[in-house]
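*Asks:* Please work out how this folds:
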Amino acid sequence: MMPVQLSRPLKILFVCLGNICRSPTAKGVFLHYAREAGLAERIVVESAGTGDYQIGAPADPRACSAATQRGYDLSGHCARQVTRKDFADFDYVLAMDEENLRALRRVCPAEYAHKVRLLTEFSSDGACSVPDPYVGGPEGFELVLDLIEDSARGLLVHVRRQLNS
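*Replies:* Numbering: from 1, shown residues only. The predicted model follows:
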C-alpha cells in the first residue's frame, strides 16, 4: 500500500452493490468508531454502489433498524454509484465482497488499483466477505453488522497508524 498523504483528511469509500444495505452500514459503523476515537475531523467517510439501480434511494429500512438497535445512524443516506473520480479522490475504496471487488477493479484506473481492497481484509477472524442481506431476513442484517463491526475495528487500528505516522 502506498503512503497516504496526511496533510488532508484521510478518505474512505465503502462499496457494495446497490448502496442501500452494506456500504451505508459500514459508513455508519466506521463513523461511529472514528468519533469515539476522536478522529472524526481527520477522516472523511462515504459509501457508494457498483450498480446504478438504487441511485437516490435511502438506506434499506431493515439496515437502518438493525443499525439503530446497535447505536449507529444511517439517516440521511442517499444511494449513489461509484465514479471514476472516486478512485482518485479516496485513499481507500473498500468492497464488501469479491463480486464488487471485481467490479471495482474493472473500472479502476491502473494508477489507483492499490486503493481497492476488501473491507474484510481488516477483520480479526479472516472473514472473506460481507454477504448481501437484501433478500434474507433480519438475521442477515445482524450478521452484516457483526462482520462490519469487526472489520471496522481493524480498519480503525490501521487508519490510526496511518494518521499517526
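
*Asks:* any weak-confidence spans in the chain?
*Replies:* 1-7, 165 (pLDDT under 70).

*Asks:* mind running it again at 50?
*Replies:* Scanning the chain for pLDDT under 50 picks out 1-5.

*Asks:* in it, which spans are helices?
*Replies:* In the chain, the helices defined using DSSP state H lie at 22-36, 61-69, 84-89, 98-107, 138-164.

*Asks:* Can you say which of those helices is nearest to Gly126?
*Replies:* Gly126 sits nearest to helix 138-164 of all the helices of the chain, at 10.2 Å, using CB to CB. For the C-beta atoms, the positions are set from N, CA and C on the backbone; glycine is no exception.

*Asks:* That closest one - contacts with which helices or strands?
*Replies:* If you count contacts as 3 or more CB pairs under 8 Å, 6 or more residues apart in numbering; DSSP states H and E, helix 138-164 packs onto strand 10-16, helix 22-36, helix 61-69.

*Asks:* I'd like the ones you listed as a markdown table, with mean neighbour count and distance to Tyr134 appended.
*Replies:* Output for the helices and strands packed on helix 138-164, formatted as a markdown table (neighbours: other CB atoms under 10 Å; distance: least, CB to CB, whole Å):
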| stretch | mean neighbour count | distance to Tyr134 |
| --- | --- | --- |
| strand 10-16 | 25 | 9 |
| helix 22-36 | 25 | 9 |
| helix 61-69 | 18 | 9 |
